[in-house]
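S.K.: Quick one: sequence and predicted model below, then my questions.
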Amino acid sequence: MSDANGKAPADLAARAAALDTADELGKLRDRFTLPDGVVYLDGNSLGALATGVAARIAQVITHEWGTELIQSWSAGTWWTAPERIGDKISPLIGAAPGQTVVGDSTSVNLFKALVGAARLARPGRTRMLVDAATFPTDGYIAESAARMTGLTVTPVDPSDAAGAMDEDTAVVLLNHVDYRSGRLHDLAALTAAARAAGAVTVWDLCHSAGALPVGLDEHGVDLAVGCTYKYLNGGPGSPAYLYIAARHQGAFDSPLPGWNGHAKPFAMTPDYTPAAGAVRGRVGTPDILSMLALEAALDAWDGVSVEAVRAKSLALTDFFLECVAAYVPAGRVESVTPAEHERRGSQVSLRTENARAVMDDLISRGVIGDFRAPDVLRFGFTPLYVGFADAERAARTLGHIFG
Ligand SMILES: Cc1ncc(COP(=O)(O)O)c(C=O)c1O
Ligand SMILES: Nc1c(O)cccc1C(=O)C[C@H](N)C(=O)O
């Protein structure tokens, strides 16, 4: 038997097995619970369940809530969870401790970051540059934040963003990795360009954190947000995070100054004095169950370097593209994810006709990716629990659908 392009599936299957055997990260799959027989390539939408989470949440419910009751806020681990878990995420995004706080959704953190950025921006500037291909929520929130702060949104393709930054640019909002195409944008160069133009940067890290090195401190990013339910495996609706660079913390003026961000929340004074540090990015009572599930899920990263994850991610996506080229009849799919490593995130997006029906068929055959309108099959590669045999089976199954 040979595939559509004449390559024997056994060759690729054998290669996949050898690559999995040599893979140093392969054993990390044991840190996750995944259903048997399923190839899960949707961890860029909802990460898999880390094994320690269920027991931790049972303990939080039965002991901390059920027995310790209110004391868990003060004597236990609850009150400081947002900044403690922020510090646990920090190494994954290249941030020193004290700059990252967990809570709320990405959308809400975008709002805080964008209005905060506008308030940090140089007076008199009028424009907010926003990634034109952005995940919709960023665009919606940016429009509202701009309206509230007297700015005007200018949509811009990230490839043209550096050239569009000028002395009228107040704020720049960009995605590190594009959710639909998987295109990786040059965070270092774009942040440098924004700094040169005197603009404040806000990066959305939803599709990069936990998949590749980010380097927020190293590259001088001002503010960043990201979700935790994708590559960080925090669970459905797990809280997002907000990064406020140390140099801005004194001046960061949150548009949502809730009592949890107050310097002395339990003084319960009528006037607002923001807490020092990233804690001023907090708003109201944190969602403890989701937050502590996230904290337990982050244990899956113990002893794992983001650099090693990136190396495996690129090897996986390279191999998947090779398998797709071998198994899928020519002309049936077209990759919209850049081939160059320096422009590729941790997913492969294939454009095809009837993409929704094709994805439904794939899922019915045990290969879970997702469909993104209008015509994209999206496959996310999460190196902590996806292997090369998964990539080969996914491509082979796609080949069968088109065969
Ligand atoms: C780039 C990006 N930003 C934001 C979000 C979502 O934000 P929220 O956590 O508020 O649903 C997503 C995905 O849901 C996303 O891909
Ligand atoms: N956040 C999601 C949700 O609540 C339900 C279903 C999917 C999602 C997603 O994460 C979508 C995702 N940001 C994307 O890149 O498409």
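M.R.: Received, thanks. Numbering: from 1, shown residues only. Ligands and ions are numbered 1, 2, ... in the order given.
S.K.: Neighbours of the residue in the stretch 1-150 of the chain positioned nearest to ligand 2, how many?
M.R.: Taking Cβ to the nearest ligand atom, ligand 2 has its nearest neighbour within the stretch 1-150 of the chain at Ser45, 4.5 Å off. Any C-beta I mention is one placed from the backbone N, CA and C, and that applies to glycine too. Here the number of neighbours of Ser45 (other Cβ atoms under 10 Å) works out to 18.
S.K.: got the residues of this protein near ligand 2?
M.R.: Where the chain comes near ligand 2, counting by Cβ under 6 Å from any ligand atom, the residues are Ser45, Phe135, Tyr179, Cys206.
S.K.: who's in contact with the first one?
M.R.: The reference is to Ser45. Lys230, Asp370, Gly380 (Cβ atoms under 8 Å, 6 or more residues apart in numbering).
S.K.: and these, which of them are in helices?
M.R.: Applying DSSP state H to these, no entry is found in helices.
S.K.: quick check, nearest of those residues to ligand 1?
M.R.: For the contacts of Ser45, the residue nearest ligand 1 by Cβ to the nearest ligand atom is Lys230; the value is 7.6 Å.
S.K.: Include pLDDT when you put the residues of the chain next to ligand 2 into JSON lines, please.
M.R.: Written out in JSON lines, the entries for these read as follows (pLDDT from 0 to 100):
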{"residue": "Ser45", "pLDDT": "98"}
{"residue": "Phe135", "pLDDT": "97"}
{"residue": "Tyr179", "pLDDT": "97"}
{"residue": "Cys206", "pLDDT": "98"}
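S.K.: Put together CSV for those residues, with secondary structure and distance to Gly234 on each row.
M.R.: Shown next, in CSV, are the residues of the chain next to ligand 2 (DSSP: H, G, I helix; E, B strand; the rest coil; distance: Cβ to Cβ, whole Å):
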residue, secondary structure, distance to Gly234
Ser45, coil, 13
Phe135, coil, 18
Tyr179, coil, 17
Cys206, coil, 12
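S.K.: Pro97 versus the residue nearest the centre of the chain, what's the distance?
M.R.: Among the residues of the chain, Cys206 comes closest to the average C-alpha position under Cα atoms, centre = their mean, at 2.3 Å. Cys206 is 22 Å from Pro97, where distance means Cβ to Cβ, to the nearest Å.
S.K.: just checking, Val172 is part of a strand?
M.R.: Yes. Applying DSSP: H, G, I helix; E, B strand; the rest coil, one finds Val172 inside a strand.
S.K.: didn't it look like it was pressed against Ala194?
M.R.: Yes. Between Val172 and Ala194 a contact is recorded at 4.8 Å, counting by Cβ atoms under 8 Å.
S.K.: Look at these two and report which has more neighbours.
M.R.: Here Val172 and Ala194 are set side by side on neighbour count (other Cβ under 10 Å), and the busier one is Val172, at 29 against 24.
S.K.: ok, the more buried one - contacts?
M.R.: Neighbouring residues of Val172 by Cβ under 8 Å, 6+ apart: Met128, Leu129, Ala161, Met165, Leu190, Ala194, Ala199, Val200, Thr201, Val202.
S.K.: Could you tell me how far it is located from Val130?
M.R.: When distance is defined by Cβ to Cβ, Val172 is 8 Å away from Val130.
S.K.: what about the helices in the stretch 1-150 of the chain?
M.R.: In the stretch 1-150 of the chain, helices defined by DSSP state H, counting those that start in this stretch lie at 9-22, 53-59, 71-74, 81-93, 106-120, 136-149, listed in chain order.
S.K.: Out of those, flag the one nearest Val333.
M.R.: helix 9-22 (16.7 Å; Cβ to Cβ).
S.K.: residue contacts, whichever residue of the stretch 251-400 of the chain sits closest to ligand 1?
M.R.: When Cβ to the nearest ligand atom is the measure, the stretch 251-400 of the chain has its nearest residue to ligand 1 at Arg372, with 10.2 Å between them. Contacts of Arg372 were listed using Cβ under 8 Å, 6+ apart, and they are Tyr179, Arg180, Ser349, Arg378.
S.K.: who's it bridged to?
M.R.: Note on Arg372: beta-bridge partners by DSSP bridges are Val376.
S.K.: interface residues of the stretch 201-350 of the chain facing ligand 1?
M.R.: So far as Cβ under 6 Å from any ligand atom goes, the stretch 201-350 of the chain lies against ligand 1 at Asp204, Cys206, His207, Cys227, Ala240.
S.K.: Okay, helices next: where are they in the stretch 151-300 of the chain?
M.R.: Secondary structure of the stretch 151-300 of the chain (DSSP H, counting those that start in this stretch): helices located at 158-164, 187-197, 216-219, 288-297.
S.K.: winner for burial among those helices?
M.R.: Burial among the helices of the stretch 151-300 of the chain, expressed as mean neighbours by mean count of other Cβ atoms under 10 Å, is greatest for helix 288-297, which shows a mean of 22.
S.K.: Apart from its chain neighbours, what residue comes closest to Ala189?
M.R.: Ala162 (6.8 Å; Cβ to Cβ, 6 or more residues apart in numbering).
S.K.: I'd say that neighbour and Leu187 touch.
M.R.: No. Judged on Cβ under 8 Å, Ala162 makes no contact with Leu187 at a distance of 11.9 Å.
S.K.: circling back to that earlier point, just the pLDDT for the residue of the stretch 251-400 of the chain closest to ligand 1.
M.R.: The confidence metric pLDDT takes the value 94 at Arg372.
S.K.: and if you look at Lys230?
M.R.: Per-residue confidence (pLDDT) for Lys230: 98.
S.K.: Can you tell me the closest non-neighbouring residue to Val200?
M.R.: The spatially closest residue to Val200, leaving aside those adjacent along the chain, is Ala117, at 4.2 Å (Cβ to Cβ, 6+ apart).
S.K.: residues touching Ala339, list them.
M.R.: Leu321.
S.K.: Check His176 too.
M.R.: By Cβ under 8 Å, 6+ apart, the contact set of His176 is Leu184, His185, Leu187, Trp203, Asp204, Leu205, His207, Ser208, Val214, Gly345.
S.K.: Same question for Gly98.
M.R.: Per Cβ under 8 Å, 6+ apart, neighbours of Gly98: Glu83, Asp87, Ala246, Gly277, Ala278.
S.K.: Look up phi and psi at it.
M.R.: phi 90, psi 10 (degrees, to the nearest 10).
S.K.: Check the gap between it and Gly198 for me.
M.R.: Per Cβ to Cβ, Gly98 is found 26 Å from Gly198.
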